[in-house]
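1. fold the stuff below for me.
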Amino acid sequence: MPNTLRVALINPPVPGAGRREKSLPSLALAQLAAVARAQGHEVLLRDAAAGGASFKRTVNEIVAFQPDLLGLSATSATIQSARAVAAAVREALPGCLCLLGGPHASAVPRSTLEASPALDAALVGEGEETLLELLGRLPGRNFSGVRGLVWRDGQEIRSEERRPRLSDLNLLPLPWWEGYPGYPEGFRAAAGGRRWPASYLVTSRGCPYRCTFCDRSVFGQSVTSFSAEYILRAVDEMVRRFGVRELDFEDDLFTLYEPRLRRVCEGLIERRHDLIWRCHARAEAVGEELFRLMQQAGCRQVTLGVESGDERVLALARKRLRPAQIAETVKAAHRARLKVDGFFILGLPGEDDAAIEKSIGLALELPFDDIGIAFLAPLPGSEVSDRAEEWGRMVAGAELADTARPVYLPHGMTAERLTQARIEFYRRFHLRPRRIGRLFCRFIAHPRATLRMLGV
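-> Modelled structure (predicted):
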């Protein structure tokens, strides 16, 4: 086998041809593709979920490429689709090695392989170094000692030791975005976006916090970050090469490291790009002065993970936030002329009718520009998944990672009550005199989604 290998890196389609799981293609796969290409390998890069590709089209494109290795990325929501793609490719290309990565593989690698005969291996944790070492061993199919890999050795499933985290993310090449056909114009902007084309970046890996609902199976609790210089270089490429005019910094920790955030903002101010951006922020991490610098650098919106307005529920979730902190952060952002969205979770352990009412009350009290509400999904790798029976029960037959309907019920709560609570939450927030105009605009842009949100 030649040294140059053919590698297909695929985010599988969501069930149903033409549906899209998210708006923009996978950054993680684009990063892996860049690493593989830097070593001389030929790469097919596709995000069927983001592009709305059907199952048949996805499989046909993979088979036509004739890869030596198929790398599939899957969450708990897309694992069944990934298994189906692997089975179809295995039937057409028996010699292709089928590898699964992503959060689901990192959380439950052994059971995933046991339930998936077409998968040869699962990649646990960060993928860049493990993928390259695996490709180097591909001709002999002996992966003994490849850290970060759980693999099928004949009838036996073997687990190698976990690979240490990358110590310097700045050594990674920039993501190979151009591998996605039509990027970025061929993909939808994120919900709430103002300008086009749009894209996103994730500037850190890992999280030092211990929120019970988060899956930390890929990166764990230690944090590594890209430098301000790397981030600015990535932004420069997006603007100058791809014409991106709006950017979303998607990691929750983007605002956590103030010196880096200041350097990024100062660099954006100096560059004067025709670019606006938004980001996620932790309520205790940013003050008004920093919000003003962000606004000057092009930031127009921040999203705060509120989760709940009940201090007891927040404490049980180990959120380490108080509603008073959230209130001050929202007000500080508005004084800096930033829009603020609040994100809430229904169905957290310990939640009851009184806690839900406190969440609604907080959303009505604070000047949020918009809110998002999801149901708790006990993802594999999260503490709430490990302690699910202690704090409540799963809904029989529900899809594990479905946040659009109740899949987990805290003690004393029913699926019907949680469903009605979300409708009531949205109605009480949006059907206020000062919100009606915005709701009408939302209905014009997204009529079905708006009616569904309001339970109509």
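
2. low-confidence bits of the protein, can you list those?
-> 1-2, 16-22, 189-193, 216-221, 397-402 (pLDDT under 70).

3. distance between the ends of stretch 310-322?
-> Stretch 310-322 has its terminal residues 8 Å apart, counting by C-alpha to C-alpha, to the nearest Å.

4. and it, what's buried?
-> Within stretch 310-322, the residues scored as buried using 16 or more other C-beta atoms under 10 Å are 310, 313-314, 316-317, 319, 321. All C-beta spots, glycine's among them, are computed from the backbone N, C-alpha and C.

5. and for stretch 442-451?
-> For stretch 442-451, a neighbour-count test (16+ other C-beta under 10 Å) marks 442, 450 as buried.

6. and it, how far out from the chain middle?
-> Computed by C-alpha atoms, centre = their mean, to the nearest Å, the chain-centroid distance of stretch 442-451 equals 24 Å.

7. then it to PDB, C-alphas only?
-> Provided in PDB are the C-alpha atoms of stretch 442-451 (Å, rounded to 0.1, in the frame of the first residue of the first chain):
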ATOM      1  CA  ARG A 442     -39.800  35.900  13.700                       C
ATOM      2  CA  PHE A 443     -43.000  34.500  12.400                       C
ATOM      3  CA  ILE A 444     -42.500  36.000   9.000                       C
ATOM      4  CA  ALA A 445     -39.000  34.500   8.800                       C
ATOM      5  CA  HIS A 446     -39.700  31.100  10.400                       C
ATOM      6  CA  PRO A 447     -43.500  30.600  10.500                       C
ATOM      7  CA  ARG A 448     -43.600  26.900  11.300                       C
ATOM      8  CA  ALA A 449     -40.900  27.000  13.900                       C
ATOM      9  CA  THR A 450     -42.500  30.000  15.600                       C
ATOM     10  CA  LEU A 451     -46.000  28.300  15.800                       C
END
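
8. coming back round to it: want to throw the buried residues of stretch 310-322 into a markdown table with distance to residue 243 and secondary structure?
-> Compiled in a markdown table, the buried residues of stretch 310-322 are given as follows (distance: C-beta to C-beta, whole Å; DSSP: H, G, I helix; E, B strand; the rest coil):
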| residue | distance to residue 243 | secondary structure |
| --- | --- | --- |
| 310 | 45 | coil |
| 313 | 44 | helix |
| 314 | 42 | helix |
| 316 | 46 | helix |
| 317 | 41 | coil |
| 319 | 39 | coil |
| 321 | 38 | coil |
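
9. need the max-distance pair from the residues you listed.
-> Farthest pair in the buried residues of stretch 310-322 (C-beta to C-beta) is 316 and 321. Separation: 12.6 Å.

10. which residues does residue 319 contact?
-> By C-beta atoms under 8 Å, 6 or more residues apart in numbering, residue 319 lies in contact with 211, 307-308.

11. now with 7 Å, please.
-> 211, 307 (C-beta atoms under 7 Å, 6 or more residues apart in numbering).

12. residue 423 contacts residue 452, correct?
-> No. Counting by C-beta atoms under 7 Å, residue 423 sits too far from residue 452 to count as a contact (9.6 Å).

13. need the contact list for the residue nearest the centre of the chain.
-> In the chain, the residue lying closest to the centroid (C-alpha atoms, centre = their mean) is residue 250, at 7.8 Å. Going by C-beta under 7 Å, 6+ apart, residue 250 touches 200, 202, 280.

14. what about it? Give its phi and psi, please.
-> Backbone torsions of residue 250, given as degrees, to the nearest 10, read phi -90, psi -20.

15. distance check, it against residue 158.
-> For residue 250, the distance to residue 158 (C-beta to C-beta, to the nearest Å) stands at 34 Å.

16. what does residue 450 give?
-> Using C-beta to C-beta, residue 450 is found at 51 Å from residue 158.

17. contact partners of stretch 352-370?
-> Stretch 352-370 is touched from outside by 192, 308-310, 313, 323, 327, 330, 334, 339-342, 344, 346, 371, 412-413, 421, 425, 428-429, with contacts defined as C-beta under 7 Å, 6+ apart.

18. over to stretch 195-205?
-> Contacts of stretch 195-205 (C-beta under 7 Å, 6+ apart): 24, 27, 169, 184-185, 189-190, 219, 223-226, 231, 234, 238, 242-251, 253-254, 276.

19. looking at those residues, which are in strands?
-> In strands, judged by DSSP state E, the following of the contacts of stretch 195-205 are found: 224-225, 246-249, 276.

20. only whichever of those are buried, select them in PyMOL.
-> In PyMOL, this line selects whichever of the ones in strands among the contacts of stretch 195-205 come out buried by 16+ other C-beta under 10 Å:
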select buried, resi 225+246+247+248+249+276
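
21. next, give me the two most distant ones among the ones in strands among the contacts of stretch 195-205.
-> 224 and 276 (27.5 Å).

22. tell me where the stretch 151-300 of the chain has helices.
-> 228-242, 258-271, 288-296 (DSSP state H, counting those that start in this stretch).

23. wait, I meant the stretch 351-456 of the chain
-> 353-365, 383-386, 388-391, 415-430, 436-445, 447-453.

24. cool, and the stretch 1-150 of the chain?
-> Counting by DSSP H, counting those that start in this stretch, the helices of the stretch 1-150 of the chain are 27-38, 48-51, 55-65, 79-92, 103-107, 109-114, 128-137.

25. residues in contact with the closest residue to residue 294 other than its chain neighbours?
-> Closest residue to residue 294 apart from its sequence neighbours, by C-beta to C-beta, 6 or more residues apart in numbering: residue 265 at 5.8 Å. Going by C-beta under 7 Å, 6+ apart, residue 265 touches 293-294, 297.
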